[in-house]
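> Dropping a prediction and its sequence here:
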Amino acid sequence: MTVPEGSQIRGKSVMVIGGSRGIGAAIVASFAAAGAAVRFTYAGSRDAAEALAEATGAIAIQADAADRDALLASIREAGALDVFVYNAGLLGVGDPLTLDPDAADRLIDVNVRGAYHGSVEAARRMVDGGRIIAIGSVHGDRMPFAGITAYGMSKSALQGLTRGLARDFGARHITVNLVQPGPTDTDMNPADGPLAQQMHDEMAIRRHGTADEVASLVLYLASPPARGITGAMHTIDGGFGA
Ligand SMILES: NC(=O)c1ccc[n+]([C@@H]2O[C@H](COP(=O)([O-])OP(=O)(O)OC[C@H]3O[C@@H](n4cnc5c(N)ncnc54)[C@H](OP(=O)(O)O)[C@@H]3O)[C@@H](O)[C@H]2O)c1
């Protein structure tokens with residue numbers, strides 16, 4: 001992981017919602033390696049969270065992002081934040097005619113409601129010039145397969161959140177950005193999974209991306225040279241959406 005030249009990540013107070021595994025864990029590790037003071041939440045993966053905390057020096061907090069009170073309490077405990085990253089996300093795949101409505105609601109709670117409430121609470125206690133970064137998906141722009149309606153809808157909603165909050169908090173020089181990965185090798189979407197070839201067929205660079213590649217982009221958006229970038233979608237998808 002290379003810290004962007006001229007960055008001043010060292011000493012920054014960073015909070016990552018959903019940081020125990022995958023892309024979130026890479027973001028936690030990258031900020032910690034750059035010298036930030038990092039806190040992250042997780043829901044169910046206690047062992048992974050504790051191992052990551054041990055390895056990076058970050059602080060792990062058990063808080064379900066779908067539980068608004070728990071989410072807000074975890075953010076309030078962090079004090080004045082420089083960087084807030086909302087990474088928590090659930091993937092729901094299936095025919096909407098048969099998809100469990102409770103599973104769809106849970107997906108929306110984690111992917112959208114948590115992102116809204118978490119970002120607003122973070123901004124309340126954020127320093128001027130702070131950074132809010134959410135992790136969306138290329139499926140917020142493009143859905144070339146059936147069966148991902150609720151997921152794609154949730155990631156499109158984050159685009160509205162990003163544009164709106166950029167306007168709401170711009171006077172304080174807080175930037176708000178959305179990182180939109182394409183297929184990325186994690187538990188959610190393994191590079192050797194059954195749909196991998198179908199995804200690669202849609203890509204210009206026919207491989208899964210890595211969590212570290214996504215984390216590098218997040219780190220850049222949190223760095224001083226990115227101070228003028230806000231209200232924007234940043235797709236990192238190997239050309240999946242091209
Ligand atoms: N992998 C891809 O191909 C891909 C592509 C586009 C976008 N994305 C997006 O990138 C983000 C990370 O995905 P990933 O692939 O790294 O997924 P992952 O491997 O399934 O990891 C998801 C992370 O989110 C946390 N999380 C999930 N629900 C949570 C909740 N209710 N409260 C707190 N934390 C919660 C998980 O923590 P616990 O395990 O502790 O619950 C875990 O740390 C998601 O928003 C996803 O939609 C991924």
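Structure received.

> Report all helices and strands that the longest helix along the chain contacts.
Ranked by residue count and defined by DSSP state H, the top helix of the chain is helix 149-169. For helix 149-169, the packing partners by 3 or more Cβ pairs under 8 Å, 6 or more residues apart in numbering; DSSP states H and E come out as helix 101-108, helix 114-124, strand 126-135, strand 175-181, strand 232-236. Every residue, glycine included, has its C-beta placed from N, CA and C.

> Contacts made by it with the rest, please.
89-93, 96, 99, 104, 107-108, 111-112, 115-116, 119-120, 123, 132, 134, 136-137, 139-141, 143, 175-178, 180, 230-233 (Cβ atoms under 8 Å, 6 or more residues apart in numbering).

> among the helices and strands packed on helix 149-169, which is nearest residue 10?
Across the helices and strands packed on helix 149-169, residue 10 has its closest neighbour in strand 126-135 (14.9 Å, Cβ to Cβ).

> Neighbouring strands - and their directions - for the closest one?
Using DSSP bridges, strand 126-135 pairs in its sheet with strand 81-86 (parallel), strand 175-181 (parallel).

> how about it: buried residues?
The neighbour-count check on strand 126-135 (16 or more other Cβ atoms under 10 Å) flags 126, 130-135 as buried.

> what about the chain, any weak spots by pLDDT?
Within the chain, the stretches with pLDDT under 70 are 1-7.

> 50 instead, please
1, 6 (pLDDT under 50).

> What parts of the chain come near the ligand?
18-24, 41-45, 64-66, 87-90, 110, 135, 137, 181, 183-184, 186-189 (Cβ under 6 Å from any ligand atom).

> Repeat the analysis, applying 5 Å as the threshold.
Contact residues (Cβ under 5 Å from any ligand atom) of the chain with the ligand: 18, 20-24, 42-45, 64-66, 88-89, 110, 135, 137, 181, 183-184, 186-189.

> List the ones among these that fall in helices.
Per DSSP H, the residues of the chain next to the ligand map to helices at 22-24.

> mind putting those in TSV, neighbour count included?
What follows is these, written out as TSV (neighbours: other Cβ atoms under 10 Å):
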residue	neighbour count
22	22
23	29
24	29
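
> Which of those sits closest to the ligand?
Distance to the ligand across these (Cβ to the nearest ligand atom) is lowest for residue 22, with 2.2 Å.

> contacting residues around the closest residue to the closest one other than its chain neighbours?
Nearest non-adjacent residue to residue 22, counting by Cβ to Cβ, 6 or more residues apart in numbering: residue 186, 3.4 Å away. Residue 186 makes contact with 21-23, 211 under the criterion Cβ under 8 Å, 6+ apart.

> how about the residues you listed in TSV, adding distance to residue 154?
Shown next, in TSV, are the contacts of residue 186 (distance: Cβ to Cβ, whole Å):
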residue	distance to residue 154
21	19
22	17
23	16
211	20
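
> if we can go back for a sec, which one of the helices and strands packed on helix 149-169 is the most hemmed in?
strand 175-181 (a mean of 26; mean count of other Cβ atoms under 10 Å).
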